[in-house]
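Engineer: coordinates for the following, if possible.
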Amino acid sequence: MRLLAGRDRVFRDLRDRGIGVGIHYPPNHLQPAFATWRRPLPRTELLARQVMSLPFHPALTGGDIGRVVALLKNSLRRAPARYPSAASWLSAWATTAAHRWPRPRWRGTTTGAGSPANT
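Structural biologist: Got it, this is the predicted structure:
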């Protein structure tokens, strides 16, 4: 989920209410293993400060999803958080989260030519 502003506040708010949100995928170019190739990537760094992960696993029930959605909506209403087209991603997340994984947007294998791993 991407929040243009207020991500850390929404993150803390959901965590305080027992929702297992996370901040994953720090930019690779900032990791110690990539220090040799470090260079400024301001867009990547900006996006890394705006993204957080919502719970998404096969054990989520419809009730779990409803609770996450309700608490997230509540948190977004309470303070200055800005987000791109929240209705569309929230609806998509709620309908795909319960026991269904989203289909990849590419064709072929995950390691073949043209897959995200090779682009």
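
Engineer: quick check: the gap between the nearest residue to residue 41 once chain neighbours are set aside and residue 40.
Structural biologist: Closest residue in space to residue 41, ignoring its immediate chain neighbours: residue 29 at 5.5 Å, by CB to CB, 6 or more residues apart in numbering. All C-beta spots, glycine's among them, are computed from the backbone N, C-alpha and C. Applying CB to CB, to the nearest Å, one obtains 9 Å for the distance of residue 29 from residue 40.

Engineer: more crowded one of the two?
Structural biologist: Using other CB atoms under 10 Å as the criterion, residue 29 and residue 40 rank with residue 29 on top: 14 against 8.

Engineer: tell me the SS of residue 25?
Structural biologist: Under the three-state scheme (DSSP: H, G, I helix; E, B strand; the rest coil), the conformation of residue 25 reads as coil.

Engineer: check which residues of whatever helix or strand residue 65 lives in are buried.
Structural biologist: Mapping residue 65 onto the secondary structure by DSSP states H and E places it in helix 62-78. Residues of helix 62-78 classed as buried under the neighbour-count rule (16 or more other CB atoms under 10 Å) are 64-65, 67-69, 71-72, 75-76.

Engineer: which pair of the residues you listed spans the longest distance?
Structural biologist: Looking at the buried residues of helix 62-78 by CB to CB, the two members farthest from one another are 64 and 76, with 18.5 Å of separation.
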